[in-house]
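Visitor: no sequence for this one, just the structure:
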């Protein structure tokens, strides 16, 4: 293997692949990045067993030569050291060459690094994802879906299935749901392209968070291929593989109330800021609980109380309040997460009583639904 | 106590005072900020016993009213909660008022906080710093002095005196020295104003780091008052008190070699970058040691070797090399710290042999001297 490449291109590719690298892997070779160079260009692969990211740098782009391939070949290099070296190389011209055995020479300007590489044949083969189910989503839609759901996955491993986001596709609709059993986030969408057969999978939350960092901020279609244990997201130059979670995801549809006794329409941003302030004192206690109450008018009172520190009361002008008077308590964090997912729009909050789950959605749009279980304090 | 104040002014003052607040204090009241309001304005005091910071907000500045004092008074409020509240208040208009006992009402817009305050009489009195020794330094000069020395203080408490920077003023010169016994940083200056009597004090490194964050980026004179156990730095609106370290600071003058056998003049920035790259591999081992060697020409070789990972060699073009050929090894971190203190200028490095301390200084300027002890590897 012998080739010349622009440092900036190499670095862009490395930044993607590094997102799959973990120092805590059971298989030592996974602390490395596999590099494959052929006439078409350079492929780098990184993996932590759960997530695998492959990025491709073409030898030529729009007539401009990015890589000069002198000799094809493969090697595995220590990911962390290799990426730090590339980041600090003195010039944009980099020459990489395998010398005796797996020793790899990296030269740029007057710097010369010799890295002890590993045998590329020892690197695990990529998951084999046949296109049993395949469809595509625009990158920006996928980013919204991830942002609006993934925060609600469980952070605890006691029920591993809840650490993932459930994606169900049927009847022309894609439903994405996350819950940690105290709150739930759901995003519905009707993509132009759908898998041909009904589909129900659970994608690890961590994988979606990493994927989100790699997806471009445009509406490029991202091809999605699914087999029994793996999902593959394809962008122009990146392949992102994730394992799927196994097990039965709970039936969440019956958690969502169909009726309501109190409905509040309020500006999401104003409410978010009020809750944020109220939670300043709530945070001093271990629970971070705020109280929310309506009266006959259109004013909501948000308050919290921390016996050792003090209390806070804040009036929030609602756009509309209908139905029964209500006093309810809930986690400030869950409420702020939900309001952030709806992103500053006017929200409708539907309550069915102080001890029943309540839901939030945008007044403009039914596609995002957030559900929160209250806490008993009154 | 009852007054109205602009949130932005309050926040600026709080940001300074908070630098003295630590959650790990032996005296519980020091988790609070003391607030004193009189006709002239508002004073806030924070302290962790070692450092005390007082900041003053005048009732009026340049004819603009900043504080409307309705009733004078004092209170102590929980520092962390109070500063978070102020940071998040909904409007720039803040009303603060003591109600029953020490309960303190903070109002802004439609938010109302009640904080349980503490008795201001329980707050420790400020150190009494008479102007036994007093002089002044421009703020920007003081910032340079701190930046060029404080990094070299010892991080270990085994010899507490070495965790401070020694300031010695005599014969019209101020000498500031820090050493952790493996390297030394010294800054000499001849301030326009000097203490009348000779002075030798040791200021805790941590105090100087916090002071550095508060000093303005201009040449405003900072008045310095010193008594046996305390030093006080006065800016326009801030008083910064620090305790002094007690004990004998080692005599560092005889560590500094007067002659040299090899002298290298090189661009500081180029050498810094080369050392940084070489240290990428050195870091993998526990010691972070790089090698530095000269030959007959003007080229320096910087290299390091990590048997498990690989090695790196880099040629650096020197401006001049005179004297004996040299091979020496040293801590990459110490070398980078020293080069950063000299800040990208051309540096002269004077060696007196592979096992003797060597010094670095700017070719333009004798006022900064950095000394590093080498490590035996050849």
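Guide: Now that the structure is in, tell me what you want to look at. Fair warning: this is a prediction, and the values are worked out from it, not measured in the lab. Residues are numbered from 1 along each chain as shown, chains lettered A, B, ... in the order given.

Visitor: For the rest of this, base every contact and every neighbour count on C-alpha atoms.
Guide: Noted.

Visitor: Provide the backbone phi and psi angles at the residue nearest to the spatial centre of chain A.
Guide: Residue closest to the mean C-alpha point of chain A, counted by Cα atoms, centre = their mean, is residue A:209 at 2.2 Å. Note on residue A:209: backbone dihedrals following degrees, to the nearest 10 are phi -60, psi -40.

Visitor: OK, contacts around it?
Guide: Contact criterion Cα atoms under 8 Å, 6 or more residues apart in numbering or on different chains gives A:146, A:150 as the residues in contact with residue A:209.

Visitor: Around chain B, pick out the residues from chain A.
Guide: Remark: the part of chain A in contact with chain B comprises A:78, A:81, A:84-85, A:88-89, A:110-116, A:274, A:277, A:280-281, A:308-316, using Cα under 8 Å from any Cα of the partner chain.

Visitor: What helices and strands are in contact with the helix or strand where residue A:52 lies?
Guide: Per DSSP states H and E: residue A:52 is located in strand A:51-58. Of the remaining helices and strands, those touching strand A:51-58 by 3 or more Cα pairs under 8 Å, 6 or more residues apart in numbering or on different chains; DSSP states H and E are helix A:7-17, strand A:41-47, strand A:238-243.

Visitor: Kindly reformat the ones you listed as JSON lines containing mean pLDDT and mean neighbour count.
Guide: Written out in JSON lines, the entries for the helices and strands packed on strand A:51-58 read as follows (pLDDT from 0 to 100; neighbours: other Cα atoms under 10 Å in any protein chain shown):
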{"stretch": "helix A:7-17", "mean pLDDT": "96", "mean neighbour count": "19"}
{"stretch": "strand A:41-47", "mean pLDDT": "98", "mean neighbour count": "25"}
{"stretch": "strand A:238-243", "mean pLDDT": "96", "mean neighbour count": "24"}
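
Visitor: which residues of the stretch 51-200 of chain A fall in helices?
Guide: Shown for the stretch 51-200 of chain A, the helices assigned by DSSP state H, counting those that start in this stretch span residues A:79-88, A:139-149.

Visitor: re the thing from before, got a quick ChimeraX command for the buried subset of the residues of chain A next to chain B?
Guide: Those of the residues of chain A next to chain B that meet the burial criterion (16 or more other Cα atoms under 10 Å in any protein chain shown) are gathered into one ChimeraX selection, given here:
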select /A:78,81,85,89,111,112,113,114,115,116,274,277,280,281,309,310,311,312,313,314,315,316
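
Visitor: now the residue nearest to the centre of chain A: how far from chain B?
Guide: Between residue A:209 and chain B the distance, using Cα to the nearest Cα, to the nearest Å, works out to 29 Å.

Visitor: what's the answer for residue A:342, then?
Guide: From residue A:342 across to chain B, the span is 21 Å (Cα to the nearest Cα).

Visitor: hang on, the earlier thing: distance to residue A:17 for the helices of the stretch 51-200 of chain A - can I get that in JSON lines?
Guide: Converted to JSON lines, those look like this (distance: least, Cα to Cα, whole Å):
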{"stretch": "helix A:79-88", "distance to residue A:17": "9"}
{"stretch": "helix A:139-149", "distance to residue A:17": "18"}
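
Visitor: quick one, which of these is nearest to residue B:239?
Guide: Each of those was checked against residue B:239 via Cα to Cα, and the shortest separation belongs to helix A:79-88, namely 42.5 Å.

Visitor: Output the contacting helices and strands for that closest one.
Guide: Using 3+ Cα pairs under 8 Å, 6+ apart as the contact definition, the elements that helix A:79-88 packs against are helix A:7-17, strand A:32-38, helix B:268-282.

Visitor: One more pass at 7 Å, please.
Guide: Packing contacts for helix A:79-88, counted by 3 or more Cα pairs under 7 Å, 6 or more residues apart in numbering or on different chains; DSSP states H and E, involve helix A:7-17, helix B:268-282.

Visitor: Format the helices and strands packed on strand A:51-58 as JSON lines; extra columns: distance to residue A:266.
Guide: Compiled in JSON lines, these are given as follows (distance: least, Cα to Cα, whole Å):
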{"stretch": "helix A:7-17", "distance to residue A:266": "40"}
{"stretch": "strand A:41-47", "distance to residue A:266": "45"}
{"stretch": "strand A:238-243", "distance to residue A:266": "39"}
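
Visitor: Once you drop chain neighbours, what's closest to residue A:358?
Guide: Excluding its sequence neighbours, the residue lying closest to residue A:358 (Cα to Cα, 6 or more residues apart in numbering or on different chains) is residue A:351, at 4.7 Å.

Visitor: and the one you found, what is it in contact with?
Guide: Taking Cα atoms under 7 Å, 6 or more residues apart in numbering or on different chains as the definition of contact, the neighbours of residue A:351 are A:260-263, A:358-359.

Visitor: now for those residues, which pair is the farthest apart?
Guide: Within these, two members stand farthest from each other by Cα to Cα: A:261 and A:359, at 11.9 Å.

Visitor: From residue A:337, how far off is the residue nearest to residue A:287 when sequence neighbours are not counted?
Guide: In space, residue A:287 comes closest to residue A:331 once its chain neighbours are excluded; the distance is 7.4 Å by Cα to Cα, 6+ apart. Residue A:331 sits 10 Å away from residue A:337 when distances are taken as Cα to Cα, to the nearest Å.

Visitor: ok, now residue A:58?
Guide: Taking Cα to Cα as the measure, residue A:58 falls 40 Å from residue A:337.

Visitor: Neighbour count for residue A:261 and residue A:359, which is higher?
Guide: A count of neighbours by other Cα atoms under 10 Å in any protein chain shown puts residue A:359 above the other of residue A:261 and residue A:359, at 24 against 13.

Visitor: The more buried one contacts residue A:347, correct?
Guide: No. No contact is recorded between residue A:359 and residue A:347 when judged using Cα atoms under 7 Å, the distance being 10.0 Å.

Visitor: buried set for stretch A:217-225?
Guide: Using 16+ other Cα under 10 Å as the burial criterion, the residues of stretch A:217-225 that qualify are A:220-225.

Visitor: what does that stretch rub up against?
Guide: For stretch A:217-225, contacts defined as Cα under 7 Å, 6+ apart pick out A:129, A:131, A:133-140, A:231-235.

Visitor: Let me know the helix or strand that residue A:337 is in.
Guide: Secondary structure here is read from DSSP H and E; on that basis residue A:337 sits in helix A:332-342.

Visitor: Now do that helix against helix A:268-282: the angle between them, please.
Guide: Angle, helix A:332-342 to helix A:268-282, by axes from the mean of the first three to the mean of the last three Cα atoms, to 10 degrees: 160 degrees.
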